[in-house]
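J.: fold the following.
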Amino acid sequence: MISTPPPIILLEAIKLTLADVDYEFAANIAGVTVRHARNRKPVRAERPALSIIWTGDDPRPGDEQFRNAWEAVRELNFDLQTDVDLPSDTQELDDTGWLYLTSMLAAAMEALCAPDSPLRALCDDIIPGSLEPDEKSDADNGRLVRSATVLYRVRTDDQNVLLAAGVDA
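T.: Numbers count the residues shown, from 1 in each chain. Got it, this is the predicted structure:
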């Protein structure tokens with residue numbers, strides 16, 4: 001029987017890490033739902049929401065692919081998507097309209113990159129990527145997306161074996 005593949009272990013660790021963040025303290029947003037996107041966007045009842053969208057899993061390019069004869073380096077790519085009902089202009093203290101969303105994503109990335117995060121224990125590095133508004137964002141429904149990459153190691157002879165502290169190799 002195949003054990004749980006490394007991308008799934010890492011995606012679960014991302015959700016576990018993000019679910020522990022105090023978004024009310026860090027970003028002034030209470031009741032954040034952390035979820036995997038799978039095949040649908042969050043419904044209104046799930047807002048404010050932070051969705052984990054898995055975008056791919058690839059070997060590192062060229063010479064960066066192999067650490068040594070026994071270890072291969074891979075990249076788990078994902079997006080963090082915020083979905084928030086934005087306050088009206090009369091309530092807004094932020095002229096840009098992006099403060100809530102960028103603060104929520106900043107708190108999420110800080111948690112993922114923390115030395116003691118559940119994700120950090122399973123990987124070599126977390127690389128924040130681009131931060132972009134989503135085309136579905138409008139004046140009332142804010143949506144912002146932050147891409148990120150997790151670098152992790154597997155055995156060269158069995159890419160289903162995650163090489164990380166606390167994981168049986």
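J.: use CA for all of it now, contacts and neighbours both
T.: Fine.
J.: what does stretch 125-132 contact?
T.: With Cα atoms under 8 Å, 6 or more residues apart in numbering as the test, stretch 125-132 has contacts from 109, 112-113, 120, 144-152.
J.: report the mean confidence score over it.
T.: For stretch 125-132, mean pLDDT rounds to 95.
J.: what are the buried residues along that stretch?
T.: Neighbour counts over stretch 125-132 (16 or more other Cα atoms under 10 Å) mark Asp125, Ile126, Pro128, Leu131 as buried.
J.: repeat that for stretch 25-36.
T.: Quick answer for stretch 25-36 (16+ other Cα under 10 Å): Ala27, Ile29, Val32, Thr33, Val34, Arg35, His36.
J.: need the buried residues of stretch 125-132 in a markdown table with secondary structure, can you?
T.: As requested, the buried residues of stretch 125-132 are arranged in a markdown table below (DSSP: H, G, I helix; E, B strand; the rest coil):
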| residue | secondary structure |
| --- | --- |
| Asp125 | strand |
| Ile126 | strand |
| Pro128 | strand |
| Leu131 | strand |
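J.: just to revisit the earlier point, of the buried residues of stretch 25-36, which belong to helices?
T.: Residues of the buried residues of stretch 25-36 located in helices (DSSP state H): Ala27.
J.: any idea which of the buried residues of stretch 25-36 is closest to Arg60?
T.: His36 (24.4 Å; Cα to Cα).
J.: tell me the contacts of the residue nearest to that closest one when sequence neighbours are not counted?
T.: Excluding the flanking residues, the one nearest His36 by Cα to Cα, 6 or more residues apart in numbering is Ile52, at 4.7 Å. By Cα under 8 Å, 6+ apart, the residues touching Ile52 are Lys15, Val34, Arg35, His36, Ala37, Phe78, Asp79, Leu80, Gln81.
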